[in-house]
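need the 3D shape of this:
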Amino acid sequence: MSAEALRLGGREVAVYVWQPEAPASSSPRPFLHPVRTLAGRTVTDAVPVSHPHQFGIGVAYPDIHGVNFWGGRTFVSGHGPAWLDNHGSQRHERWERRGGGELAHSLRWLGPDERMLLRERRVIGCEQVSGSVWSLSVRSRLANATDRPLEVRSPAANGRVGAGYGGFFWRGPAVSGATVLSPAGTGVEPVHGHRAEWVAVAVADWTMVFAPGDADTARDRWFVRARDYLGVGSSVAWDAPLVLQPGEEIARHVVALIADGALNADSAAKLVAESGRGAPADGMAERGLPAADRPVVGGAPGFHSLPVA
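Just a heads-up that it's a prediction; the model follows:
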């Protein structure tokens, strides 16, 4: 395993594992863990017993043209979750920058046959916002490296209602009393499967606030999990496939504001606004969408009975 630390003011706030050691069934890939507040509280988890294929903060997709870049089982339409010999991996190719609060490198996304399907440029940055808050920026530019179209699918796009994950993903630590906040209200239901300018998870001694960093990411819907485990992701293909033509790119940018202490909705919104780290949803928030454009989410039949991600 090879890793690089991110530091602010001499304090290690995150570790980026860029050459991981993981079984093929976990779709090995670079990830950030542990990620800590400025006071040293850990806000990520990796290789948890219930979902050993989840790793801190990273970029992962459950189905790119039949290849599982998420790890674990693959949801098969008409069948359900199944163990398949279809796991891919993300491999570091070369560094562009290391140090100074920023890491930038290129990666190859390989199928189980070791053939390259995609090429990625990933930039990770950190910056101190205040004495108790810092920002983590994750930019990903993922390009089709083949000569054929590639379909990007979430389990929801394959028929698993509500399971629209795929893209940026944060796995939180095992804690009790977590509260999910967003401009739409308190709890998972108002924001899961919807667009929002920010999503926050607050516990007694820390808060994570996630915001889209650009207009394209602001159009994505949020995947939010607070039952069984904490997880937040920005979904690229919520309930329909995204077709990536040869040479075409998926460019996304998510910013996480990592704070000591429990923020409420007002303080989370103020933090996003004052930090300037997020991107306005440009009218794409659910409150501004026509009713016909609003997805069926959260309370859809069968969703809460299914283990997700």
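
show me what contacts V201?
With contact taken as CB atoms under 8 Å, 6 or more residues apart in numbering, V201 is in contact with G172, A178, T179, V180, L181, T207, M208, A226, L230, V232. Every C-beta, even on glycine, is put in place using the N, C-alpha and C of the backbone.

the fourth one belongs to a helix?
To tie it back to what came earlier, the one meant is V180. No - with DSSP: H, G, I helix; E, B strand; the rest coil as the criterion, V180 is located in strand rather than a helix.

bridging residues for it?
Note on V180: beta-bridge partners by DSSP bridges are V201.

got the CA coordinates for stretch 84-100 in CSV?
Taking Å, rounded to 0.1, in the frame of the first residue of the first chain, the C-alpha atoms of stretch 84-100 are listed here in CSV:
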residue,chain,number,x,y,z
LEU,A,84,-20.1,-11.9,-10.8
ASP,A,85,-16.6,-12.2,-12.0
ASN,A,86,-16.8,-8.7,-13.4
HIS,A,87,-14.8,-6.5,-11.0
GLY,A,88,-12.6,-3.8,-12.4
SER,A,89,-9.8,-1.7,-10.8
GLN,A,90,-8.4,1.8,-10.8
ARG,A,91,-4.6,2.0,-11.3
HIS,A,92,-2.4,5.0,-10.6
GLU,A,93,-0.6,6.0,-13.8
ARG,A,94,1.5,9.1,-13.0
TRP,A,95,1.6,12.1,-10.7
GLU,A,96,1.2,15.6,-11.9
ARG,A,97,1.4,17.3,-8.5
ARG,A,98,2.2,16.1,-5.0
GLY,A,99,2.2,18.5,-2.0
GLY,A,100,1.3,22.0,-1.2
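
where in the stretch 1-150 of the chain is pLDDT low?
Applying pLDDT under 70 to the stretch 1-150 of the chain flags no residue at all.

out of the contacts of V201, who's nearest P20?
Using CB to CB, G172 is the member of the contacts of V201 that lies nearest P20, at 19.2 Å.

need the phi and psi values for that closest one.
Dihedral pair for G172: phi -80, psi 160, per degrees, to the nearest 10.

contact partners for the closest residue to it other than its chain neighbours?
Leaving aside its chain neighbours, G172 sits nearest to L230 (3.0 Å; criterion: CB to CB, 6 or more residues apart in numbering). L230 makes contacts with W170, R171, G172, P173, V175, A178, V201, as judged by CB under 8 Å, 6+ apart.

burial count for the first one?
If I follow you right, that is W170. For W170, the count of nearby residues is 26 (other CB atoms under 10 Å).

may I have the beta-bridge partners of it?
Under the criterion used (DSSP bridges), W170 bridges to I57, V232.

list the residues that contact it.
If you count contacts by CB under 8 Å, 6+ apart, W170 has them with T44, G56, I57, M208, F210, L230, G231, V232, G233, A256.

got it, and the second one?
Neighbouring residues of R171 by CB under 8 Å, 6+ apart: T44, D45, A46, P48, H51, Q54, F55, G56, I57, Y229, L230, G231.

now do E21
Neighbouring residues of E21 by CB under 8 Å, 6+ apart: M1, P28.

do that again at 7 Å, thanks
M1 (CB atoms under 7 Å, 6 or more residues apart in numbering).

ok, it to A60 distance?
17 Å (CB to CB, to the nearest Å).

helices along the stretch 101-250 of the chain, start to end?
Secondary structure of the stretch 101-250 of the chain (DSSP state H, counting those that start in this stretch): helices located at 215-218.

switch the contacts of V201 over to JSON lines; also include pLDDT and distance to G164.
Listed next are these as JSON lines, based on pLDDT from 0 to 100; distance: CB to CB, whole Å:
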{"residue": "G172", "pLDDT": "98", "distance to G164": "18"}
{"residue": "A178", "pLDDT": "96", "distance to G164": "21"}
{"residue": "T179", "pLDDT": "97", "distance to G164": "22"}
{"residue": "V180", "pLDDT": "98", "distance to G164": "16"}
{"residue": "L181", "pLDDT": "98", "distance to G164": "20"}
{"residue": "T207", "pLDDT": "98", "distance to G164": "24"}
{"residue": "M208", "pLDDT": "98", "distance to G164": "20"}
{"residue": "A226", "pLDDT": "95", "distance to G164": "16"}
{"residue": "L230", "pLDDT": "96", "distance to G164": "17"}
{"residue": "V232", "pLDDT": "98", "distance to G164": "13"}
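
now, among the residues you listed, which is nearest to V17?
Within those, proximity to V17 (CB to CB) peaks at G172, which comes in at 17.4 Å.

doesn't A46 make contact with that closest one?
No - G172 is not in contact with A46 according to CB atoms under 7 Å; the separation is 11.0 Å.

and those two? Which one has more around it.
Between G172 and A46, counted using other CB under 10 Å, the more crowded position is G172 (25 against 20).
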